[in-house]
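Sequence first, then the predicted structure, then my questions.
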Amino acid sequence: MGKLFATTVTSARPREREYKLTDGAGLYLLVKPNGRKLWRLNYTYLGKQRTLSFGAWPDVGLADARERRDEARKLIAAGLDPSHEAKLAEARAMLSEENSFKLVAEEWVAKQEREGMSEVTLSKIRWLLVKAYPRIGNRPVAKITAQEVLAVLRSIEATGRYESARRMRSVLSRVFRYRKS
């Protein structure tokens, strides 16, 4: 099991069939006939042979690939499947991105409804939120800036509805507070 050198990786040329350049501890570079070079890790989990993909060279360099292999080995040693853990991490990242303002606001409104808020108040809140959605509805709640909130309030003030703008500020802050709880 030889260790790879950066020069070996760089100079690896495609052949008629794909081939592997091994680096040790299951890590190898798969060289495809089209010239693509892909980092892979073979490992055993619960008695089954599995392969984990670390991306393509040169985006992922030799040192990065080795680091990822070591991280994966630590997970395996802890009794975890690195492939499953990678999927979980991706799902968690997606979830935090998908927590759009609209999603959180609608969840908050539903909670208010369950807790017995009057239909008149609920319909006013929904009316206000619909005005906010075009500007911040699809934005991840955690990334909405004070400037964006101000732009929503200003757009309502611009129509002369100062009372609505005041209510909007209250509703928006309640939605943001709800997200923290």
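Structure received.

State whether Tyr28 and Arg40 are indeed in contact, as I suppose.
Yes. Between Tyr28 and Arg40 there is a contact under CB atoms under 8 Å: 5.6 Å. In this view, the C-beta of every residue, glycine as well, is placed from N, C-alpha and C.

Okay, buried residues for the helix or strand Glu148 falls within please.
Following DSSP states H and E, one finds Glu148 within helix 146-157. Residues of helix 146-157 classed as buried by neighbour count (16 or more other CB atoms under 10 Å): 149, 152-153, 155-156.

Farthest out from the centre of the chain, which residue is that? Tell me.
Taking CA atoms, centre = their mean, the residue of the chain most remote from its mean C-alpha position is Gly160, at 39.8 Å.

Which stretches in the protein count as strands?
In the chain, the strands defined using DSSP state E lie at 19-24, 27-31, 37-45, 48-57.

quick check: mean pLDDT across the third one?
Averaging pLDDT along strand 37-45 yields 93.

cool, and stretch 108-126?
Confidence for stretch 108-126, expressed as mean pLDDT, is 93.

Tell me how many other residues surround Arg114.
8 (other CB atoms under 10 Å).

no, scratch that, I was asking about Ala91
Neighbour count of Ala91, defined by other CB under 10 Å: 9.
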